[in-house]
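No letters, just coordinates:
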């Protein structure tokens, strides 16, 4: 039997692929956030380049879909250094960032330990990631980029039975959502909250599956206001939440007709949070029987994609950030990495 010939991967120096961090590498990162999100298992959306933080400028600032936490991303083309670590801490403190991501060809051991220590002392309030970037080429083929997570939060148990129940319920639901539709979210791990958030691709909004405080379960379009460049509510990007709410409200009759069910509209509260809600018609709590929760999961699975697919065309019509031009993307490599530290 003939031996199959394979090409030889050549590892390229990122500093020769991108000549300038600010003008070339950072915009490329913005264009390839979907690949980075998939590797980290979170959903990053609405990221803006060169966001001013006092007298400094952060590389990228976006939001984590579903949680409204700010995402601070710092990229560099050389080995990790103290200067970039200091920048990350400055930007995160100034913006109250909840997710910190450091991308470099090599995260040095001392800087890995610094990120791990921050994850440990923050107890889940801040999530720190260290990501190493490889650029490879196989012969004359296109160059490919590969992200490898070397530091990630461990998501330790909160030792609370109710929180554990939420996590178990939403983890099972998340896996079933992935099975029904690939790419529904980059998230691969549910948290301990009473909701599961998924991206809309639009600033200031997210889809959510959530237990409410009045013993109901909801599929909702969750919108929030805030500001990357200033202060505001819990959201990350200006008045995006208000725009989403107003646009959906204008088209509410057509949406209700398409879904064939009534929706609950909750106006913006004092934090600028608003919701368009499809509510299960039965009272339910996370402490209910497995049979009752199984019935709820079936309802959620059957109707989440209906809700998503009816809402999505209206969200696409909303203005989004200006796209970058003239910067070719590298092809993403399908490489699985065993990562005991991250998981």
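Structure's in. What do you need? Everything quoted here is computed from the prediction, not taken from an experiment.

need the longest helix for this protein.
Counting residues, the longest helix found in the chain (DSSP state H) is helix 290-316.

Who are the packing partners of it?
Contact analysis of helix 290-316 by 3 or more C-beta pairs under 8 Å, 6 or more residues apart in numbering; DSSP states H and E lists helix 161-180, strand 205-211, strand 217-223, helix 240-250, helix 252-259, strand 274-279 as its packing neighbours. Glycine gets a C-beta too; all of them are placed from N, C-alpha and C.

weakest of these by average pLDDT?
Least confident of the helices and strands packed on helix 290-316, judged by mean pLDDT, is helix 240-250 with a mean of 68.

ok so, going back, give me the mean pLDDT for the longest helix of the chain.
92.

those strands in the stretch 51-200 of the chain, which residues are they?
For the stretch 51-200 of the chain, strands defined by DSSP state E, counting those that start in this stretch occupy the ranges 56-64, 70-75, 99-104, 127-138, 144-151, 195-199.

low pLDDT regions in the chain?
Along the chain, the parts satisfying pLDDT under 70 run over 1, 155-159, 225-244, 268, 270-271, 317-343.

any idea how far the residue most central in space within it is from residue 33?
Most central in the chain under C-alpha atoms, centre = their mean is residue 43, positioned 1.7 Å from the mean C-alpha point. Distance, residue 43 to residue 33, by C-beta to C-beta, to the nearest Å: 10 Å.

cool, and residue 182?
Separation of residue 182 from residue 33 (C-beta to C-beta): 18 Å.

Which of these two has more residues huddled nearby?
When neighbours are counted by other C-beta atoms under 10 Å, residue 182 and residue 33 differ, and residue 33 comes out ahead with 20 against 7.

Please verify my assumption that that one contacts residue 42.
No. Using C-beta atoms under 8 Å, residue 33 makes no contact with residue 42, being 10.4 Å away.

one step back: which of the helices and strands packed on helix 290-316 sits closest to residue 61?
helix 240-250 (13.5 Å; C-beta to C-beta).

count of residues packed around residue 260?
8.

Number the chain from 353, please
I'll keep to 353 as the first residue from here, and by that count the last item is residue 612.

quick one, phi/psi of it?
The phi/psi pair for residue 612 (degrees, to the nearest 10) reads phi 70, psi 30.

same thing with residue 400?
Phi and psi for residue 400, reported as degrees, to the nearest 10, are phi -110, psi 150.

Can you report how many residues lie near it?
Here the count is done by other C-beta under 10 Å, and residue 400 has 19 residues near it.

on that earlier part again, buried ones in the longest helix of the chain, by neighbour count?
Buried residues in helix 642-668, counted by 16 or more other C-beta atoms under 10 Å: 645, 648-649, 651-652, 655-656, 659-660, 662-663, 666-667.

Export the residues you listed as JSON lines, with columns for distance to residue 552.
Shown next, in JSON lines, are the buried residues of helix 642-668 (distance: C-beta to C-beta, whole Å):
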{"residue": "645", "distance to residue 552": "26"}
{"residue": "648", "distance to residue 552": "23"}
{"residue": "649", "distance to residue 552": "22"}
{"residue": "651", "distance to residue 552": "21"}
{"residue": "652", "distance to residue 552": "18"}
{"residue": "655", "distance to residue 552": "17"}
{"residue": "656", "distance to residue 552": "13"}
{"residue": "659", "distance to residue 552": "11"}
{"residue": "660", "distance to residue 552": "9"}
{"residue": "662", "distance to residue 552": "13"}
{"residue": "663", "distance to residue 552": "8"}
{"residue": "666", "distance to residue 552": "10"}
{"residue": "667", "distance to residue 552": "5"}
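
which of those sit farthest apart?
Within the buried residues of helix 642-668, 645 and 666 form the most distant pair, 31.2 Å apart (C-beta to C-beta).

how close does residue 445 get to residue 358?
Taking C-beta to C-beta, one finds residue 445 at 48 Å from residue 358.
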